[in-house]
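Student: sequence-free structure coming up:
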């Protein structure tokens, strides 16, 4: 009697990405909100918080976010057999790229239908850029512990926000991406086969996972009766379009280290941001 054909179940790459991102936000919620009032299952959405202390905010972005994203990568079921060194290479690549996707997306969503311009960071801290000076000209403690002149801080904010606005206006707003499309973009960066200092086997695995992710997204679009090819091409343009902003984020983190916004001594965190070991 002939044997039944072997059935292989394809990995559900997008659903695993969704679960991983949900867990990441659950950890963010505990760290950034302390004792969140709403702890109902599945409600991992961070609350928007207006900037109160620049030092605390930078520490969250510089030191805490890389550790959270490291866990996001480390617990990914498709990356379990990779060496710690290769996982770290993925983390080093993902952190700044993820910030460069989340920041513009959150800023666009938060600023929608508002008269003022807002810069929202991945930790959901926001700054009203239309009234930037109010943060620095008051005695509310925004610059507490910061050893740098006001003009330099203001200029840093303005230059970075200009690039963020460019990403929003050229890539995010015209496409009007849904939340699942933000997840898809994060997945493209997570499973990027062009990551440096990884083995060929890992590169091939990332390429395969990336292909699965794209195929799954195409199926979703077709179910929704959307033009899958056109939508995917637009998302790939967005993925490439954040490169300049990603580079700027890494430059900002270097400047924050120069200005002693963050504690020195954690070489792993420095490496994530591309800061030389002897800096």
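Tutor: Thanks, I have the structure now. Predicted model only: the values in this text are computed from it and were never measured.
Student: could you point out the longest helix of the chain?
Tutor: The residue-count maximum for a helix in the chain (DSSP state H) belongs to helix 84-111.
Student: quick check: mean pLDDT across it?
Tutor: The pLDDT scores in helix 84-111 average 97.
Student: who are the packing partners of it?
Tutor: When contacts are defined as 3 or more Cβ pairs under 8 Å, 6 or more residues apart in numbering; DSSP states H and E, helix 84-111 sits against helix 65-74, strand 118-120, helix 150-167, helix 179-190, helix 243-258, helix 267-272. For every residue, glycine as well, the C-beta is placed using N, CA and C.
Student: what about the stretch 51-200 of the chain, any weak spots by pLDDT?
Tutor: Within the stretch 51-200 of the chain, the segments meeting pLDDT under 70 span 137-147.
Student: of the helices and strands packed on helix 84-111, which is nearest residue 93?
Tutor: helix 179-190 (7.1 Å; Cβ to Cβ).
Student: can you list the helices and strands packed on helix 84-111 in TSV and add mean neighbour count?
Tutor: Conversion of the helices and strands packed on helix 84-111 to TSV gives the following (neighbours: other Cβ atoms under 10 Å):
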stretch	mean neighbour count
helix 65-74	20
strand 118-120	21
helix 150-167	16
helix 179-190	21
helix 243-258	18
helix 267-272	18
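Student: those: which one's closest to residue 97?
Tutor: Smallest distance to residue 97 across the helices and strands packed on helix 84-111 (Cβ to Cβ): 4.2 Å, for helix 179-190.
Student: centre of the chain to that closest one, how far?
Tutor: Its chain's C-alpha centre and that of helix 179-190 lie 9 Å apart, by Cα atoms, centre = their mean, to the nearest Å.
Student: neighbouring contacts of that helix?
Tutor: Here helix 179-190 makes contact (Cβ atoms under 8 Å, 6 or more residues apart in numbering) with 13-14, 17-18, 21, 73, 76, 90, 93-94, 97-98, 101-102, 105, 175, 177, 210, 213, 217, 220, 235-236, 238-239.
Student: understood, closing this out.
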